[in-house]
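Enquirer: Starting from these lines, generate the structure:
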Amino acid sequence: MSENEKSLVQRFWNGVWNEGKIELVDELVASDFVAHDLPPEMAHGPEGYKEYVRANRAAFPDGQDVIQDIIAEDDKVVVRYIGRATHRGDLMGFKATGKRVEVPGVEIFRVVSGRIKETWSLWDTFGFLEQIGAISLPES
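Expert: So this is what the prediction gives:
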């Protein structure tokens, strides 16, 4: 079964995030879906996730997340990726900077009955903030 789950996650990843086919969320995500990393003001479920994707794609319209590794076992699929994009729109209170960013991350998907039921995400937030100029490291 893990090959089916990997294919589903790859389709979701490439379609929703890289190609902006937000309508795929309705097809590939469970109605009681929970993204554990959504900002607290966003709703869970497919509609909240679509709002999250729209906001991110508006801020980074050229965003491409390249899968480095994809591993599946039981109902979990783990993706290690590098996200590359240009900061062209406001996001999370940060005004567009026009700066190019490259951010590594890991996302865990739980797939149940052919649909994505949960996600957990961990990405280099600190590195991202440094790249857009929101924070700076002290001189050594």
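Enquirer: For the residue most central in space within the chain, which non-adjacent residue is spatially closest?
Expert: Compute the mean C-alpha point of the chain, and by Cα atoms, centre = their mean the closest residue is residue 17, 6.8 Å away. Nearest residue to residue 17 in three dimensions, chain neighbours excluded: residue 65, at 5.2 Å (Cβ to Cβ, 6 or more residues apart in numbering). Quick note: C-beta positions are derived from backbone N, CA and C, even for glycine.
Enquirer: what about the one you found, distance to residue 56?
Expert: With distances taken as Cβ to Cβ, to the nearest Å, residue 65 is found 10 Å from residue 56.
Enquirer: ditto for residue 10
Expert: 19 Å.
Enquirer: Downstream of the strand ranked longest in the chain, the next helix or strand is which one?
Expert: With secondary structure taken from DSSP state E, the chain has its longest strand at strand 100-112. Next helix or strand after strand 100-112 toward the C-terminus (DSSP states H and E): strand 115-123.
Enquirer: Show me what that following strand is packed up against.
Expert: helix 2-12, strand 29-35, strand 100-112 (3 or more Cβ pairs under 8 Å, 6 or more residues apart in numbering; DSSP states H and E).
Enquirer: rerun at 10 Å
Expert: Where contact means 3 or more Cβ pairs under 10 Å, 6 or more residues apart in numbering; DSSP states H and E, strand 115-123 is packed against helix 2-12, helix 24-28, strand 29-35, helix 45-59, strand 76-86, strand 100-112.
Enquirer: And the contacts of the first one?
Expert: Right, the one you point to is helix 2-12. With contacts defined as Cβ atoms under 10 Å, 6 or more residues apart in numbering, helix 2-12 is touched by 21, 24-25, 27-29, 67, 70-79, 107-112, 114-116, 119.
Enquirer: residues contacting the residue nearest to residue 16 when sequence neighbours are not counted?
Expert: Distance criterion Cβ to Cβ, 6+ apart; nearest residue to residue 16, sequence neighbours excluded, is residue 24 at 5.2 Å. The contact partners of residue 24, by Cβ under 10 Å, 6+ apart, come to 11-12, 14-17, 50, 53.
Enquirer: do residue 33 as well
Expert: Contacts for residue 33 (Cβ under 10 Å, 6+ apart) come out as 25, 44-49, 110, 112, 115-119.
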